[in-house]
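Asks: coordinates for the following, if possible.
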Amino acid sequence: NLDHNNQSDNIIEFDLNGEIREYLLHIPKNIQPNAPLVFVLHGLRSTNSFIKENSLMDSVANKNGFVVCYPQGSSSTKNTIYTDKGSYFWNVGYEIHKNETVDDIFFLKSLAIFLQQEYNLDPEKTFCTGMSNGGDMSYLLGCEAPDIFKAIAPITGCMMGWIYESCSKNDPVPVFQLHGTKDNTTYYEGDVENRDKWGAYMGVESTIKFWVDRNQCTLSSIDTLPDINKKDGSYIIREKYANGVNKNEVWFYKIINGKHEWPIKKRTHWGNKDINTSEEIWKFFSEI
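Replies: Numbers count the residues shown, from 1 in each chain. Next comes the predicted model:
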């Protein structure tokens, strides 16, 4: 029984072996049995309600008939120059979190399995996207939990060096990445020498190549998307790599002059306005 009336904006608690974690859930009206499930992960110091409001994923779900879960990260246990004590994060091994022990892979896998069973959702169509730190976490899930999350869509995310080095144990997943060439937070070129002390992380192009190679894609195409808004100072080049293992594909949306952003057509002031990122993510997931 899908009770969407009381679910859509209420924080729901999830008991993970005695530890209480939280999530929001959006269930469209008239959802069909065995519907897909999409996880959307917030960024560092952000919240699930913020990304729910700003990604517009709920309206894409309403049009296309899938359920959206917005989990909440853990709160940091200490102050650093990058995080306030109590601010939320996903544990992907940043140096600022080196003393944090939370296992977010276990949390997100457990929550996905619970939701699949509780709401009769399709285990073969369960996916994860996320922004920034949530994008980094999506990459970690793509490496460590491809049995649960069948494709990932990191937005302004990166592969930490240690994840890049260790990501070969499991089957590869399809990957959608969007990244701005002028991203001042998660650098397009990466930081393999760890100059900024977050921990080493890979550049975007080497990350795309990594997944194209892992998925053994043999076809590629590049096109420039229509520059609908000429005033936003940016445009998007889309690279698609296809014909991989299990028909897996890798799509890369490269925002020329784009910053650290999740592009939304309707946004009034900053950022690229040529696409609705959540619609593009769903186009990718819906082919799987």
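
Asks: CA atoms for contacts and neighbours, from now on please.
Replies: Will do.

Asks: for this structure, longest helix please?
Replies: helix 104-119 (DSSP state H).

Asks: residues near residue 118, how many?
Replies: Applying other C-alpha atoms under 10 Å, we find 11 residues neighbouring residue 118.

Asks: hmm, back to that, next secondary structure after the longest helix of the chain?
Replies: strand 121-131 (DSSP states H and E).

Asks: partners of that following strand, with directions?
Replies: strand 35-41 (parallel), strand 152-155 (parallel) (DSSP bridges).

Asks: is it possible to export the ones you listed to JSON lines including distance to residue 259, mean pLDDT and mean neighbour count?
Replies: Shown next, in JSON lines, are the strands paired with strand 121-131 (distance: least, C-alpha to C-alpha, whole Å; pLDDT from 0 to 100; neighbours: other C-alpha atoms under 10 Å):
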{"stretch": "strand 35-41", "distance to residue 259": "19", "mean pLDDT": "98", "mean neighbour count": "25"}
{"stretch": "strand 152-155", "distance to residue 259": "11", "mean pLDDT": "98", "mean neighbour count": "30"}
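
Asks: including distance to residue 47, could those strands go into TSV?
Replies: Formatted as TSV, the strands paired with strand 121-131 follow (distance: least, C-alpha to C-alpha, whole Å):
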stretch	distance to residue 47
strand 35-41	9
strand 152-155	16
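
Asks: what helices or strands is the longest helix of the chain leaning on?
Replies: strand 12-16, strand 121-131, helix 133-144 (3 or more C-alpha pairs under 8 Å, 6 or more residues apart in numbering; DSSP states H and E).

Asks: pull the CA atoms of the second one into CSV?
Replies: I take that to be strand 121-131. Presented in CSV, the C-alpha positions along strand 121-131 are these (Å, rounded to 0.1, in the frame of the first residue of the first chain):
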residue,chain,number,x,y,z
LEU,A,121,10.0,-1.4,-6.3
ASP,A,122,12.2,-2.9,-9.0
PRO,A,123,15.6,-4.1,-7.8
GLU,A,124,16.9,-4.1,-11.4
LYS,A,125,15.9,-0.4,-11.7
THR,A,126,17.4,1.1,-8.6
PHE,A,127,19.8,4.0,-9.3
CYS,A,128,21.8,6.7,-7.5
THR,A,129,22.6,10.3,-8.3
GLY,A,130,24.0,13.0,-6.2
MET,A,131,25.6,16.5,-6.1
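
Asks: returning to what we had before: ranking the helices and strands packed on helix 104-119 by burial, who's on top?
Replies: helix 133-144 (a mean of 28; mean count of other C-alpha atoms under 10 Å).

Asks: can you check what angle separates that one from strand 121-131?
Replies: 130 degrees (axes from the mean of the first three to the mean of the last three C-alpha atoms, to 10 degrees).

Asks: ok, the closest residue to residue 263 other than its chain neighbours - contacts?
Replies: Counting by C-alpha to C-alpha, 6 or more residues apart in numbering, the nearest residue to residue 263 once its immediate chain neighbours are dropped is residue 272, at 5.2 Å. Residues counted as contacts of residue 272 (C-alpha atoms under 8 Å, 6 or more residues apart in numbering) are 229, 232-235, 255, 258, 261, 263-265.
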